[in-house]
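Participant: what shape does this take:
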Amino acid sequence: MSLPKTIYEAQRAVMTTESRLANLSDEVKALSQEVKANTLHLSTIVQGHAERLAHLEGKFELVETSLSSRRKRLPG
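Facilitator: As a prediction, the model looks like this:
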């Protein structure tokens, strides 16, 4: 093997590695943006469910309170 051919192949390998790293970097950036968007969407959904759960808990406590007060008023 000649020295110029060896140098050419080494440069080609470096350039191929750099292009692969650049492509991987771009893919990671795109995936990161998707993850951020999904995280925002999911946090909105979870917040909505938390509010609904709090509302249902309030209704349940109200029903419990009204039922327990009726039982206390009944002659026993």
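
Participant: sketch out the low-pLDDT regions of the chain for me.
Facilitator: 1, 70-76 (pLDDT under 70).

Participant: distance of the spatially most central residue of it from Ile45?
Facilitator: What sits nearest the mean C-alpha location of the chain, by Cα atoms, centre = their mean, is Thr39, with 3.4 Å. Separation of Thr39 from Ile45 (Cβ to Cβ, to the nearest Å): 11 Å. Yep, even glycine has a C-beta here, placed from its N, CA and C like the rest.

Participant: now swap in Ala22 and tell me
Facilitator: 35 Å.

Participant: could you do Thr65 as well?
Facilitator: Distance from Thr65 to Ile45, counting by Cβ to Cβ: 31 Å.

Participant: what's the answer for Glu9, then?
Facilitator: 53 Å.

Participant: try Phe60
Facilitator: Here the criterion is Cβ to Cβ. By it, Phe60 lies 22 Å from Ile45.

Participant: ok, now which ones touch the residue nearest to the centre of the chain?
Facilitator: For Thr39, no contacting residues are found, by Cβ atoms under 8 Å, 6 or more residues apart in numbering.

Participant: what about it, which helix or strand?
Facilitator: Taking DSSP states H and E as the criterion, Thr39 maps to helix 3-73.

Participant: CA atoms only for stretch 45-54, dumped as CSV, please.
Facilitator: Below are the C-alpha coordinates for stretch 45-54, written out as CSV (Å, rounded to 0.1, in the frame of the first residue of the first chain):
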residue,chain,number,x,y,z
ILE,A,45,-53.7,15.2,30.2
VAL,A,46,-52.5,14.3,33.7
GLN,A,47,-53.4,17.7,35.0
GLY,A,48,-56.9,17.3,33.6
HIS,A,49,-57.3,13.9,35.2
ALA,A,50,-56.0,15.2,38.6
GLU,A,51,-58.7,18.0,38.5
ARG,A,52,-61.4,15.4,37.6
LEU,A,53,-60.3,13.2,40.5
ALA,A,54,-60.3,16.1,42.9
